[in-house]
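Asks: pasting the sequence and the predicted coordinates here, then a few questions.
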Amino acid sequence: MSDVPGFAITLRKADWDPRTLAWRLDALRVGTISVGRVLVEGEEAKPSSFDADTQHGQLRWVAAGEDPPKEVHVQLKVAPSRSATKKFALKLLLVVVPAVIGATALVMKGGDSRSAAPLAQAPAQTLKCPTPEPSPSTSQAQECLRGYAPACTSIFQEARAQCDADVYGGCTFAATFLTAGRLGVAKDPHAAQKAYEKSCAGGDAAGCYGLGNMFMNRVVVESKPRAYELFVKACDAGYQPGCANKAYLLEKGDGVTQDLSAAVALYRDACTKGEMSACSNLGYLHQTGVAVPSDPSIAVGLYTSACDAGIGAACRNLGVLHERGLNGVAENADVARKLYERSCGVSDGVGCTFLGNIYADGVGVQTDLKLAFRYFMSGCELNDRMGCNNVAVAYENGEGTEQSFPQAFTYYDLACTKGYDAGCVSAADLMRDGRVKRDNAILKQYEDKARALRAPPAP
């Protein structure tokens, strides 16, 4: 090792991410940290044996023909930085903040009934851009980024104390931990909702945006009109992720009257101001020629920029173009797989499902049904209805996992609940055929829901 300061960490089974086939090492997200040496059983590994992914905070074993070792000892270097504390606090927030809504991919293979608490009314004051998040000490942030749960818990408790003292940025910061249920803090959607409500009512635009995402993604209860109202508040305060999601709902006519011209204007403005999810969705419109001229070169350029910035939907949509050779993009299964890996690596559920399809179908790789099943499960856990349906298919047919009709029924039901008509049909088939206990009333509910999902939208 050189004289550059640093620290060491051992990565074990608990750090392994089966979705991306890499060790989680969030410290790599910090711009001042890089990998020095990697040791396996006391021997230094060749630099060509591993790949340090600083964008996604992962260490991947890439040695040809070798399985990843059970554990590795990583020596990290820390470059001097006068703004280290600020960098750690910012990067820590980015690790847990909920993802922005992404555009739907072209190729498609393959809730809680309790009422949400009413949104607190904002006081008569101007909504403002996010309050700077509480800045944990450099040592605490380092320990949390290295996966030390007590340090993360301490940072969370500090944010919650700030929230109790009406520092609304602290409420938003605490809510991101509670929503994700990671880094040593238990997942608690209802507590997250209350924290976001307080933050938003107190004038913190990021809190309004986070609460809107909860309603959008059915984390507590689905309400697209409420989500739109909250995104409008965030956007009016100049918070660009809110503008991007406002545009998305206007584009889809979801919870608000469809207005494609307004959506395009918002996407363009937010993209120009650096909101890369807006760039990704604008790329989708240029790809499909909806409300803007069809221009594949513009679409690919926007997808590439957004993917490089960590927008999973952009990586996934770019992967679809390469997998299928669409819109003038050369067909390349290997490039498509790597793009799906990047998408899945930043928790894009559809990207995980598409990666599972690659291994299930043997597209440019050897067919691996067990690996496909793992990616399908990741997709389902990340709220992708197709992933849930594919998990059910795997259980029904015993592909990549043990055959289990009850488990298949559970995941078909989940896919149906998320709005996937094929899941409703397959759940009904299992019940009709006697592979799970038959209940004629429930069977009819599945059949009715499938018909409703397949019905054309009202004019």
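Replies: Okay, I see it. Numbering: from 1, shown residues only.

Asks: was I right about residue 181 contacting residue 175?
Replies: No. Checked against C-beta atoms under 8 Å, the pair residue 181 and residue 175 is beyond contact range at 11.7 Å. C-beta here means a position set from N, CA and C on the backbone, and glycine is covered the same way.

Asks: more crowded one of the two?
Replies: When residue 181 and residue 175 are compared for neighbours, residue 175 comes out ahead with 33 against 14, by other C-beta atoms under 10 Å.

Asks: I'd say the more buried one and residue 192 touch.
Replies: Yes. Counting by C-beta under 8 Å, residue 192 is a contact partner of residue 175 at 4.5 Å.

Asks: common neighbours of those two, please.
Replies: When contacts are counted by C-beta atoms under 8 Å, 6 or more residues apart in numbering, residue 175 and residue 192 are jointly contacted by residue 210.

Asks: in stretch 265-281, what counts as buried?
Replies: Of the residues in stretch 265-281, those scored as buried under the neighbour-count criterion (16 or more other C-beta atoms under 10 Å) are 266, 267, 269, 270, 271, 275, 276, 277, 278, 279, 280, 281.

Asks: now do the same contact list for the third one.
Replies: Looking back up the chat, that one is residue 269. 243, 278.

Asks: now with 10 Å?
Replies: Residues counted as contacts of residue 269 (C-beta atoms under 10 Å, 6 or more residues apart in numbering) are 235, 240, 243, 244, 247, 275, 278.

Asks: mind checking the SS state of it?
Replies: helix (DSSP: H, G, I helix; E, B strand; the rest coil).

Asks: now swap in residue 166 and tell me
Replies: Taking three-state DSSP as the rule, one finds residue 166 in the coil state.

Asks: just the contacts of residue 269 now: which is nearest residue 186?
Replies: Proximity of these to residue 186 (C-beta to C-beta) peaks at residue 244, which lies at 29.6 Å.

Asks: can you get me a residue count around residue 379?
Replies: 29.

Asks: any idea how far it is from residue 220?
Replies: Distance from residue 379 to residue 220, counting by C-beta to C-beta, to the nearest Å: 21 Å.

Asks: same deal with residue 252?
Replies: With distances taken as C-beta to C-beta, residue 252 is found 21 Å from residue 220.

Asks: compare those two (neighbour count), which wins?
Replies: In this comparison of residue 252 against residue 220, neighbours counted by other C-beta under 10 Å, the higher total goes to residue 220 at 20 against 16.

Asks: I'd say that one and residue 187 touch.
Replies: No. Under the criterion of C-beta atoms under 10 Å, residue 220 lies out of contact with residue 187, with a separation of 11.9 Å.

Asks: pLDDT for the buried residues of stretch 265-281 - can I get that in CSV?
Replies: CSV is the format used below for these (pLDDT from 0 to 100):
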residue, pLDDT
266, 97
267, 96
269, 95
270, 94
271, 94
275, 93
276, 94
277, 94
278, 95
279, 95
280, 96
281, 96
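
Asks: now, among those, which is nearest to residue 206?
Replies: For residue 206, the nearest member of the buried residues of stretch 265-281 is residue 275. The distance, counting by C-beta to C-beta, is 13.0 Å.

Asks: the closest residue to that closest one other than its chain neighbours: how many residues sit nearby?
Replies: What sits nearest to residue 275 in space, not counting adjacent residues and going by C-beta to C-beta, 6 or more residues apart in numbering, is residue 240, at 3.7 Å. When neighbours are defined as other C-beta under 10 Å, residue 240 has 24 of them.

Asks: same deal with residue 254?
Replies: With other C-beta under 10 Å as criterion, residue 254 counts 15.

Asks: need the contact list for residue 309.
Replies: Applying C-beta under 10 Å, 6+ apart to residue 309 gives the contacts 55, 274, 275, 276, 277, 279, 280.

Asks: now stretch 354-367: buried residues?
Replies: Neighbour-count burial for stretch 354-367 flags 354, 355, 356, 357, 358, 359, 360 (criterion: 16+ other C-beta under 10 Å).

Asks: secondary structure class for the closest residue in space to the third one that isn't next to it in sequence?
Replies: Nearest in space to residue 356, with sequence neighbours left out and distances taken as C-beta to C-beta, 6+ apart, is residue 375 at 3.4 Å. What three-state DSSP gives for residue 375 is helix.

Asks: wait, residue 375 sits on residue 387?
Replies: Yes. With the criterion set as C-beta under 10 Å, residue 375 and residue 387 qualify as a contacting pair; they are 7.9 Å apart.
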